[in-house]
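1. Fold the following and give me the result.
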Amino acid sequence: MSAMAPPRLSRALSWSFLALAAAPILLLAGLITFAGYETRLEDVYRYNHQRADNLALRTGELLGGSAREILAALRAKDFYAQESRIRRAMLLEIATGMPMLRELRVMGPDGAALAAVSAFKALDHASARPETSATFRTAMETGMPAFGEVIIDPDVGEPLLPMAVPVPEPRSGGVRAVIMTTLRLKVLRDLVLALSDLPHQTALITTTGGRILASPDFSQVLAGEVFLPQVGPGVQKGSAAMPCVAASSPVRIGDQVLAAVAEEDAAHALKPFYRNLVVTAQVFVAALAAAALLAWLARRHLLSPVNDLTRTAASIHAGDLTARAAGGRFRETRAVAEAFNVMTGRLLDTKADLERQVLERARAEEALRESENRYRLLVEHARDAIYLADTEGRLVDVNPEASAQTGYSREELLAMRVADVDAKASAESFASFARELLTLRHAEFETIHRRKDGSTFPVDVHVSCFETEGKPYVLGFARDVAERRRMQEVMIQTEKMMSLGGLAAGMAHEINNPLGGILQAAQVVQRRLCVCSQANLDAAREAGVNFEALEAYLEKREVPHFLAEVRASAMRAAGIVTSMLEFSRKGDSGRTPEDLSQLLDKAVELCGTDYDLKKNYDFRRIEVVRSYAPDLPPVPCHATQVQQVFMNILRNAAQALQQTRKERPPRIEVSARAEDGMVRVDIADNGPGMPEDVRRRVFEPFYTTKDPGVGTGLGLSVSFFIVTRQHGGEIHVDSEPGIGTIFTVKLPVERRP
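-> Here you go, the predicted structure:
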């Protein structure tokens with residue numbers, strides 16, 4: 001089966017010319033169409049917004065003017081000077097003359113009904129309608145006409161607008177009475193009909209929630225249909241379920257707000273646009289036809305000399321070195337023909353030169369391959385991660401150490417950008433840095449890299465910029481400094497502890513003597529007040545004191561309780577002093593080989609029976625998961641001190657888990673395994689974790705985040721000294737807020753000085 005034939009130059013030229021001509025034509029057509037569509041929508045929207053504003057103004061005048069008409073009618077006939085029968089007749093005349101009024105009630109300032117009439121049904125003027133009570137109060141308080149929320153007539157489904165018109169007292173200026181009525185919003189139908197041009201343009205009155213109150217189609221009002229026009233130009237589903245362009249304007253009637261809506265059928269509104277679109281399409285089709293004709297003519301004139309050159313080249317390929325190319329009438333094709341003619345005369349010499357060049361190129365390529373192999377070995381065995389990226393941040397090449405550090409495969413890294421690996425970088429910041437690097441040529445800085453599992457680690461980065469084949473690249477060497485940072489933290493913490501330890505030792509010795517006196521004096525006072533001592537009874541009798549009465553007095557004044565508190569506080573202070581003395585003690589006498597798994601089990605058992613933990617945190621309700629590697633080597637240590645370290649960590653974990661036990665079941669994981677000549681113990685909890693500023697200070701003496709009286713801030717600092725100074729081990733903590741905390745303790749299997 002023969003290979004697919006290459007494309008013809010004539011066809012390629014035709015399509016190229018046609019594409020060059022058609023692309024701007026089509027782009028211009030699209031822009032004109034889009035701009036015309038948007039412009040037409042905006043014009044229609046502005047027109048309908050003006051209609052809505054006009055409808056809102058006329059609606060407000062119609063509804064608001066009803067209050068003035070009622071007052072004018074009452075004043076014209078001196079309503080309050082007439083008898084009750086005549087008043088009712090006057091009200092009935094007003095209700096009959098104003099069809100928009102459903103009923104009329106005259107209410108006194110105390111809310112009593114003075115008269116009530118309706119053009120539709122008999123009314124009991126002795127009671128007020130419930131829906132008018134809020135409107136009545138507003139009119140009484142403000143002295144201005146007040147309107148209530150739109151209600152629906154339960155009999156016919158017609159929307160009604162409650163209104164209260166205060167009748168002023170001419171002399172005092174107060175409110176003499178309030179005319180209560182409900183306006184039939186059906187009268188607005190004539191207004192919306194007058195402002196509608198059916199079937200294409202419709203006017204509506206709605207509530208702010210969209211319920212239609214007045215419409216040319218009264219069935220929409222009775223059905224309680226809802227229509228909310230969108231804000232701004234656009235086509236939406238209209239009130240008649242057809243596409244439309246709609247706008248709205250607020251109608252403010254006292255404290256109530258209605259909406260005047262003007263909508264126009266989208267097909268009718270956009271008809272001028274579609275007419276223009278047809279004309280535009282015809283013009284652009286004619287332009288495309290002209291472009292196609294020009295492309296055909298250009299191809300015909302250009303390909304004639306090219307075909308002649310093709311035939312000459314075929315003859316030369318067949319071995320006819322006497323063949324000559326005419327070149328046609330174009331300067332370019334003549335130049336090509338001359339080149340062909342010169343080529344035939346020098347073909348044999350060129351062949352020899354080519355053979356020599358091929359040999360030299362083969363030798364150069366072999367040397368290049370050897371150089372590339374050496375470079376590849378150097379890159380692949382480097383201890384630093386090496387990244388090669390272009391100036392846009394795309395990774396072009398990486399070495400195996402980059403994959404080892406990040407956890408991504410080489411293929412995954414080559415599909416990523418620098419910003420995907422560098423947690424501090426973004427595509428924009430790297431592009432700006434690359435531009436600066438073109439001038440600086442090299443730079444050094446620290447940053448944070450991100451692993452595939454989402455964890456991060458600090459790195460020292462050395463970058464330089466170079467060009468190859470005219471294109472700039474950025475070469476970066478990244479060294480993982482997490483371990484170095486951790487060791488620096490340990491060194492800083494150790495130096496801080498040593499200086500604070502010396503201070504703590506001096507303070508402890510100075511405090512011990514006063515504490516001893518306080519404890520001894522408190523104990524002596526307790527003994528001197530005890531009825532169990534005959535000497536106390538004899539001394540009281542000699543002094544003429546009733547010991548039983550004295551004892552009752554002391555109990556009532558809680559003196560024994562206060563003495564017990566003094567002793568407890570003094571003993572607590574003595575405990576703090578003892579902990580402070582641990583800062584200055586160092587020694588390895590008395591170490592014995594111990595199984596750390598047994599010490600861990602004992603620490604967990606003691607925490608379960610610890611009174612303070614049982615009282616406040618209930619350690620037994622925490623799930624403790626143990627995971628010990630088999631055949632753990634024994635560790636030379638002070639068993640009680642190491643056990644105390646484990647208890648301090650477990651106690652802190654239990655206190656932290658108290659804060660999250662309602663969110664998830666509390667859990668502590670305890671594990672032990674051999675690692676690089678040491679036994680590593682991890683104690684992890686799923687508590688709230690701690691922020692970085694707290695994690696860095698967690699081993700400092702007297703630093704605590706607990707409430708006053710709960711902790712002294714010495715537990716973890718003493719643990720730090722026990723592990724590092726007295727056992728030559730390591731202790732550090734990793735924590736992530738919201739996830740949990742892991743304390744890691746490493747003790748050497750061989751004794752260290």
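
2. all strands of the stretch 601-750 of the chain, in order?
-> 623-628, 635-637, 667-675, 678-685, 730-736, 740-748 (DSSP state E, counting those that start in this stretch).

3. In a markdown table: those strands, plus mean neighbour count, distance to residue 377 and mean pLDDT.
-> From N, CA and C alone the C-beta is placed, and that goes for glycine too. Shown next, in a markdown table, are these (neighbours: other CB atoms under 10 Å; distance: least, CB to CB, whole Å; pLDDT from 0 to 100):
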| stretch | mean neighbour count | distance to residue 377 | mean pLDDT |
| --- | --- | --- | --- |
| strand 623-628 | 14 | 42 | 93 |
| strand 635-637 | 24 | 43 | 92 |
| strand 667-675 | 17 | 32 | 94 |
| strand 678-685 | 22 | 35 | 95 |
| strand 730-736 | 18 | 36 | 92 |
| strand 740-748 | 21 | 36 | 94 |
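
4. To residue 23, which of the ones you listed lies closest?
-> Closest of the strands of the stretch 601-750 of the chain to residue 23 is strand 730-736, at 54.8 Å (criterion: CB to CB).

5. Note down every partner strand of the closest one and its orientation.
-> The strands beside strand 730-736 in its sheet (DSSP bridges) come out as strand 740-748 (antiparallel).

6. Residue ranges in the stretch 251-400 of the chain under the pLDDT threshold?
-> Within the stretch 251-400 of the chain, the stretches with pLDDT under 70 are 299-300, 302-303, 319-325, 327-329, 348, 351.

7. Where do the helices of it begin and end?
-> Here the stretch 251-400 of the chain has its helices, by DSSP state H, counting those that start in this stretch, at 266-269, 271-318, 331-345, 347-380, 400-406.

8. which parts of the fourth one are buried?
-> Along helix 347-380, the positions that meet the burial threshold by neighbour count (16 or more other CB atoms under 10 Å) are residue 379.

9. closest to residue 411 out of the strands of the stretch 601-750 of the chain?
-> Here strand 730-736 is closest among the strands of the stretch 601-750 of the chain (CB to CB), at 29.9 Å.

10. Would you mind measuring from residue 683 to residue 213?
-> Using CB to CB, to the nearest Å, we find residue 683 at a distance of 71 Å from residue 213.

11. got the strands of the stretch 601-750 of the chain as a markdown table, with distance to residue 344 columns?
-> Shown next, in a markdown table, are the strands of the stretch 601-750 of the chain (distance: least, CB to CB, whole Å):
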| stretch | distance to residue 344 |
| --- | --- |
| strand 623-628 | 85 |
| strand 635-637 | 91 |
| strand 667-675 | 79 |
| strand 678-685 | 82 |
| strand 730-736 | 78 |
| strand 740-748 | 81 |
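
12. Looking at the ones you listed, spot the one closest to residue 276.
-> Residue 276 sits nearest to strand 730-736 of all these, at 63.1 Å, using CB to CB.

13. Can you pull out the residues in contact with the closest one?
-> 486, 489-490, 645, 678, 689-690, 695, 698-699, 719-720, 723-724, 741-746 (CB atoms under 8 Å, 6 or more residues apart in numbering).

14. cool, and stretch 62-78?
-> Contacts to stretch 62-78, defined as CB under 8 Å, 6+ apart, come from residues 90, 93-94, 97-98, 100-101, 104, 145, 147, 161, 163, 165, 167, 179, 181, 183, 187-188, 191, 251, 253.
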